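[1] A structural model of the following input is requested.
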Amino acid sequence: MAGTKLIFKNPRTENIKAVPTGFSWAVLLFGFLIPLHRKDWLWSIGILASQIATAGLAAIPFAFLYNKLYIRKLIKNGYTYFSRTGDIAPETLQKYLQLQNRIFEKAFTAAK
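    Below you'll find the predicted structure:
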């Protein structure tokens, strides 16, 4: 289970989403059902297809990658970094995401 959750907010719709960081036990155990639950249709289909092709072994790399992929999708859809939970330093957070996204940089500097 991830210890830190990042909270993103869409300024247009005021919708707020909390996203865990790091390894995802849920994706490892339940595979494509997690993106399906989050209404992330593209990754749900991608994970399902790869799990069928690899007899379920594709869940292992996706367990390491999916939370980061979902955060990138939120940022591309207009969500901005709003807050965080847990005890991760902002410098570690920025390094973890490694995003060159202007929206994230604006929100990151505003949160300081």
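[2] per-residue confidence at P20?
    Looking at P20, its pLDDT reads 89.
[3] Name the single longest helix found in this protein.
    Ranked by residue count, the top helix of the chain under DSSP state H comes out as helix 59-76.
[4] Helix or strand next in line after it, which one?
    strand 80-84 (DSSP states H and E).
[5] Can you get me a residue count around the residue lying closest to A26 once chain neighbours are set aside?
    Distances taken as CB to CB, 6 or more residues apart in numbering put I34 closest to A26, at 5.0 Å, once the chain neighbours are dropped. C-beta: built from backbone N, CA, C; applies to glycine. In terms of burial, I34 registers 23 neighbours under the definition other CB atoms under 10 Å.
[6] Hmm, V27 and I34 touching each other?
    Yes - the criterion here is CB atoms under 8 Å, and I34 meets it with V27 at 5.0 Å.
[7] residues shared between the contacts of those two?
    Y66 (CB atoms under 8 Å, 6 or more residues apart in numbering).
[8] between the longest helix of the chain and strand 80-84, how many degrees?
    Orientation of helix 59-76 against strand 80-84 (axes from the mean of the first three to the mean of the last three CA atoms, to 10 degrees) gives an angle of 120 degrees.
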